[in-house]
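Engineer: Give me coordinates for this.
(chains A and B, ligands or ions: 2)
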Amino acid sequence: MSDPLLHAHEIAVSFGGVGALAGVDLTVPARSIVGLVGPNGAGKTTLFGVLSGLLSPRSGRVELAGADVTRASPQRRARLGLARTFQRLELFDELTVRDHLVVARRIRERRDRSLLRDLVGLGRRPSPGEDEAVDALLDLLDLGKFANQPVPLVPLGTGRIVELARALATEPRVVLLDEPTSGLDVHETERVATALRAARADRGVAFVLVEHDVELVLQLCDDITVLDFGRVIAHGPPDEIRASADVQAAYLGTAPAQKTPR
Amino acid sequence: MQGYVLAGLVLGSIYAISALGLVLTYSSSRVINFAHGATAYTVAVFFHWLNQVQGWSIPASAAISLLVFSPLLGLALWGILFRHLTHSPPDVRFLATVGLWVALPAGVQLAFPFSQGQILQPQGFATVPVAIYHLSALGVSVNANQVAVLIGGAVVVVGLSALLRATPVGLATRATVDSPRTAAISGINTTMVTAGSWMVGTALAGLAGILLAPILGLSNGEFTLLLVASFAAAVVGRLTSLPLTFLGAMAIGLIQGIAVDFLPSHGVLSTGFRPSVPFIVMLGCLLLYPGLRRERFEVDRRAGARAREVAPPPPLRGWRAAIGPLAVAVALFSVPLWLSTFWVGVVSQGAALAILFLTFTIVTGEGGMLSLCQATLAGIGALTTASLATHSPLFGWLVPNPFSSATGWPIGLAVLAGALVAVPIGLLVASLSLRLGDVYLALATLAFALLIEQLVFARPEFDNFGAGISLGRPIFLGINFNDTSTFFLLLAAIFCVLAVLTVNLRRATTGLVLASMRSSEQAAATIGVRIVRSKLLTFGVSSFIAGLGGALFAITIGRASPDSFEVLIGIVWLAIVASFGTRSVLAALIAGLLFAVVPQLFSEHLPTSWAMVPTLLFGLGAIRLAVNPRGSLFDIQHSVRVLRLRRARRSPTFEGQAPA
Ligand SMILES: Nc1ncnc2c1ncn2[C@@H]1O[C@H](COP(=O)(O)OP(=O)(O)O)[C@@H](O)[C@H]1O
Ligand SMILES: [Mg+2]
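Structural biologist: Ligands and ions are numbered 1, 2, ... in the order given. This next block holds a predicted model:
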């Protein structure tokens, strides 16, 4: 196998002297779906912070598409094809659902650099192919009926799907999903799962999935890493994880397939 | 030397008292009180009034001012304003306290008319004539007011640490400061603690004010210096640490005191050095504190979630959308037809200010940045333009004049140069503090504005004994703009062009990018927005507009004078723009026109003692943002649209929005 698309090596993070992650490894091959599970407070969101460049690790290395990006800004990682969603929604409250996708796409196309064009009033026009691409993504995630709603008006569950849509609109190579289905109903959850499979099949996107819905993780992922207290306690394909006694003890046994309401 | 150390200790103690109050209130409610200096001023005036006007004894006046009046004032302000701000978005928190900073002194000057004039010898704690003690062992003389300061400082420091360390109230306060939620869960009445901290904080501001008055004078302007020094000390303490804040305050005071020994005894440096110390200290902290940097994505977090608000109905489309702006443009351009030449002149000032005010629309409305130096940038634009146009020296050098005439640059070109000069200066200030988040940008721009005001604007070639530099009007394209109406039309046209450009920008990709940054910098960064670059770009554009507006305003009134661009005028501008809405170009126009017209109306039709009423109203308008965060214009537009929507909903053809 060639170099993995995204690789985290021996990541350690501490907040004010208290360790949140200690020597965590994570490998994401291209076109794969990697599960990251563990109880609340295990450090999953913190690891996403490190991978996406919002947090700097105390030690360790992050590689993205063959480049060492440990010190790179979130913006540079985005340009290299990394996107993410947030567990605590980080939507753009003044924009409509559609504009979330438009702005993400246009930054990808570097249209945020055309100040002069914007000043004279040409900046409102969609780029060639933009409307079609955005519509396709809205369809894929069944967001069509919310397209022109400002996000404060959409339901919380839909907000999560908007986060996913925005991430996909950057045309990423790998997306970090932080509890994308918490607060979603069964139908919406199925929609998200379908969208992940479709994005992988059609666009070759890889995913890292943080998820409390264990059945969903076992069913979707090629590979699973289990975190507890900031350490990797198990790592392997779904069958192995299902069988592992450690994991049962730390996690699966205690709260089987339970959705945490938020 | 010892004398200067003593002077420094005295200043440092006053700063410390004030800064401790600032940090106390910030830590308990996450609101930086930009009106802290104004509060100090209010209490000092009240004390002076009790003692000098009412004839009460000094101890009685002091006790009433500090133990009754200040806590009540603090409680009232907390109840009316600060309480609501803890959970407001950062810009509202900022603008509302700026509004208070504008309104409070205006209210004081209305309530206590004696404070409108200059108070020659403000009363301190010492009886006049002030006793002087010679301490031969140390080789210094110290007067009774200085003794009062040193005693006051010691009492506050000892009292505050005893209160916080050793009493149940202190424990509750510390718990609330650390984590309001945990404190609330463990049964602490955090509301009481926060209210209490505002009462104590206001009393500390008041004490600092009374102590400062006999040393610096009792004027709103001088109290800005106190405010900025307190801010710098608070930044040393990262806005939360009381001991570090105390040390910072003493250091600033000592540097200011001792430096007098080494500086030339007259000239701009001697008067300008003191105000530059807080800026330098603040800058040092901003650059050196690694902790401040790392917090860059957490600033908003800590402050509580952005309020979720009901979004407006969709805007008008097609030709209907053009009706409003066209009507405004027609009304604006027809002003010379229905107003006398005098009033066209007044409205011209308003139009020039409207152009200037677009700087706030861009930097705060679009960029979401909190800047207090836009007026200073306007002043830089105006003074540069005037110096070039009249061929007068800048910092002692004559700028080469490539144009044959002996008089100076053509005015149009000078205006452009003035606007361009403001850009790198604005970018420099912004780049130093942008990464650190909203609050630090506001503090750094304020300190910078004060620095320029004292160090550059005060120079004789600009100030010219208060007269400024006179400026002519342009003649180009064969049109003579000396005619009041013609010049007004030029200003109106410039405003319209800039307004259209602003709206274009907002509706284009840039607008989407800026909107995304305003809501969530984290999310914007992870989709690839280069935050710092976008903010700098926005700040640069806003600096250009500030410089341009400043130059045009100077041309309109016929002279470029530093007086027109003081920090305290800048905050009134910001307050009035904010009260109509920083997101709207129409708000900038209305604000500009009102700022010029209302005081003129007042002075023509009402007694002079009412002169502060417009300022009071402008400040109150900004305070209202606490309940009405988008400004009154948005509110009106919103109501109109909701009405329209309701009417449409009743009609059978309405297709409706998808239900939420
Ligand atoms: N900004 C922060 N400051 C201090 N501690 C934090 C911060 N973010 C997370 N933590 C701590 O780090 C640990 C891991 O948190 P997190 O990554 O959110 O876990 P998970 O996403 O697995 O539930 C927790 O103990 C949490 O309290
Ligand atoms: Mg998490």
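
Engineer: check which helix or strand covers whichever residue of the stretch 101-250 of chain B sits closest to ligand 2.
Structural biologist: The minimum distance from the stretch 101-250 of chain B to ligand 2, using Cβ to the ion, falls at residue B:181 (18.0 Å). Quick note: C-beta positions are derived from backbone N, CA and C, even for glycine. Residue B:181 belongs to helix B:180-185 when assigned by DSSP states H and E.

Engineer: Report whether that helix contacts chain A.
Structural biologist: No: using Cβ under 8 Å from any Cβ of the partner chain, helix B:180-185 stays clear of chain A, coming no nearer than 15.1 Å.

Engineer: shaky segments in the stretch 151-262 of chain A?
Structural biologist: Along the stretch 151-262 of chain A, segments meeting pLDDT under 70 span A:245-262.

Engineer: residue boundaries of the helices in it?
Structural biologist: For the stretch 151-262 of chain A, helices defined by DSSP state H, counting those that start in this stretch occupy the ranges A:156-169, A:186-203, A:214-220, A:238-243, A:245-247.

Engineer: follow-up on the earlier one: centre of the chain to the helix or strand following the helix holding residue B:181, how far?
Structural biologist: Once the chain leaves helix B:180-185, the next helix or strand it forms, by DSSP H and E, is helix B:190-216. How far helix B:190-216 lies from its chain's middle: 20 Å, per Cα atoms, centre = their mean, to the nearest Å.

Engineer: One more: stretch A:118-134?
Structural biologist: 26 Å.

Engineer: Between the two ends of that stretch, how far is it?
Structural biologist: Using Cα to Cα, to the nearest Å, the end-to-end distance of stretch A:118-134 comes to 21 Å.

Engineer: Would you mark the buried spots in it?
Structural biologist: A:118-119, A:123, A:130, A:133-134 (16 or more other Cβ atoms under 10 Å in any protein chain shown).

Engineer: Check whether residue A:94 really touches residue B:514, as I assumed.
Structural biologist: No: look at residue A:94 against residue B:514 with Cβ atoms under 8 Å: they stay out of range, at 9.5 Å.

Engineer: Compare those two and say which is more crowded by neighbours.
Structural biologist: The neighbour comparison of residue A:94 against residue B:514 (other Cβ atoms under 10 Å in any protein chain shown) goes to residue B:514, with 26 against 19.

Engineer: Just say helix, strand or coil for the more buried one.
Structural biologist: What DSSP: H, G, I helix; E, B strand; the rest coil gives for residue B:514 is helix.

Engineer: And for it, nearest residue in space, chain neighbours not counted?
Structural biologist: Leaving aside its sequence neighbours, residue B:514 sits nearest to residue B:366 (Cβ to Cβ, 6 or more residues apart in numbering or on different chains; 5.0 Å).

Engineer: Tell me who's in contact with residue B:29.
Structural biologist: B:82-83, B:85-86, B:194, B:197-198 (Cβ atoms under 8 Å, 6 or more residues apart in numbering or on different chains).

Engineer: Could you report the neighbour count for residue 220?
Structural biologist: Reading this off chain A. 21.

Engineer: Oops, wrong one, chain B.
Structural biologist: 19.

Engineer: in what helix or strand does the closest residue in space to it that isn't next to it in sequence lie?
Structural biologist: Excluding its sequence neighbours, the residue lying closest to residue B:220 (Cβ to Cβ, 6+ apart) is residue B:105, at 4.4 Å. Secondary structure from DSSP H and E places residue B:105 in helix B:90-111.

Engineer: which other helices and strands contact that helix?
Structural biologist: The contact analysis (3 or more Cβ pairs under 8 Å, 6 or more residues apart in numbering or on different chains; DSSP states H and E) places helix B:90-111 against helix B:36-48, helix B:83-85, helix B:438-455, helix B:567-580, helix B:613-623.

Engineer: again, only using 6 Å
Structural biologist: Here helix B:90-111 touches helix B:36-48, helix B:567-580, helix B:613-623, going by 3 or more Cβ pairs under 6 Å, 6 or more residues apart in numbering or on different chains; DSSP states H and E.

Engineer: From residue B:375, how far out is residue B:224?
Structural biologist: In this view, residue B:224 and residue B:375 are 13 Å apart by Cβ to Cβ, to the nearest Å.

Engineer: And the strands in the chain, which stretches?
Structural biologist: Just so you know, I chose chain A. According to DSSP state E, chain A carries its strands in the segments A:6-15, A:18-28, A:33-37, A:59-64, A:67-68, A:82-84, A:174-178, A:206-210, A:223-228, A:231-236.

Engineer: wrong one, chain B
Structural biologist: With DSSP E as the criterion, chain B has strands spanning B:132-135, B:140-143, B:469-470, B:475-476, B:479-480, B:559-560.
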